[in-house]
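Peer 1: Sequence and predicted structure, then a few things I'm wondering about:
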Amino acid sequence: MPDIVLFNRVKVQNLDMVKGYKLSLICLKNS
């Protein structure tokens, strides 16, 4: 079970990284 919890945490962190990456790309385009 702990493995699943760890996997979910990593997945959420990766999603946040992708969101931040896309946001920074949008900001670069707009500037």
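Peer 2: The structure has been received and is ready for your questions. Numbers count the residues shown, from 1 in each chain.
Peer 1: Any regions of the protein where pLDDT drops low?
Peer 2: Applying pLDDT under 70 to the chain flags the ranges 1.
Peer 1: can we see that at 90?
Peer 2: The model of the chain has pLDDT under 90 over residues 1-4, 31.
Peer 1: And the helices in it?
Peer 2: Using DSSP state H, the helices of the chain run over residues 2-30.
Peer 1: Can you get me a residue count around residue 25?
Peer 2: 10 (other C-beta atoms under 10 Å). To be clear about C-beta, it is placed using only N, CA and C from the backbone, and glycine gets the same treatment.
Peer 1: How about residue 23?
Peer 2: 10.
Peer 1: Same question for residue 20.
Peer 2: Around residue 20 sit 10 other residues, with neighbours defined as other C-beta under 10 Å.
Peer 1: And residue 22, by the same measure?
Peer 2: If you count neighbours by other C-beta under 10 Å, residue 22 ends up with 10.
Peer 1: how close does it get to residue 12?
Peer 2: Using C-beta to C-beta, to the nearest Å, one gets 16 Å for the distance from residue 22 to residue 12.
Peer 1: now swap in residue 19 and tell me
Peer 2: Note on residue 19: its distance to residue 12, by C-beta to C-beta, is 11 Å.
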